[in-house]
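Asker: The following block contains a protein sequence and its predicted model.
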Amino acid sequence: MIRVNLDVMLAKRKMTLSELSEKVGITMANLSILKTGKAKAIRFSTLDAICRVLECQPGDILEYVEDE
């Protein structure tokens, strides 16, 4: 499964979800779905914008974890 570590990166950057939402131009609802791991997909343009704002790599946000 793919784990989303958006909350970890937000904490490292001392940024709130609402601040990220404003800077990236994505609704709070969509970011919340991504943050909680309920998203089924993410557009590369969205991932690009998040990485640009958080100054990180896609691998900092997305992590592959084997099912237990």
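Answerer: It's in.
Asker: mind saving the C-alpha coords of the helix or strand harbouring residue 34 as CSV?
Answerer: Using DSSP states H and E, the element containing residue 34 is helix 28-35. Extracted as CSV, the C-alpha positions of helix 28-35 are listed here (Å, rounded to 0.1, in the frame of the first residue of the first chain):
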residue,chain,number,x,y,z
MET,A,28,-8.9,22.0,2.0
ALA,A,29,-11.3,19.1,1.3
ASN,A,30,-9.1,17.6,-1.4
LEU,A,31,-5.9,18.1,0.7
SER,A,32,-7.6,16.5,3.7
ILE,A,33,-8.6,13.4,1.6
LEU,A,34,-5.0,13.1,0.5
LYS,A,35,-3.6,13.7,4.0
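Asker: and the next element down the chain from that helix?
Answerer: helix 44-54.
Asker: Run through this protein and note the low-pLDDT ranges.
Answerer: Filtered on pLDDT under 70, the chain yields no residues whatsoever.
Asker: ok, back up a step: show me what counts as buried in the helix holding residue 34.
Answerer: For helix 28-35, the neighbour count (16 or more other CB atoms under 10 Å) marks 31, 34-35 as buried. For glycine as for every other residue, the C-beta is placed from the backbone atoms N, C-alpha and C.
Asker: cool, stretch 61-68 as well?
Answerer: residue 61.
Asker: Quick one: end-to-end distance for that stretch.
Answerer: Terminal residues of stretch 61-68 are spaced 21 Å apart (CA to CA, to the nearest Å).
Asker: mind checking how far it is from the chain centre?
Answerer: 14 Å (CA atoms, centre = their mean, to the nearest Å).
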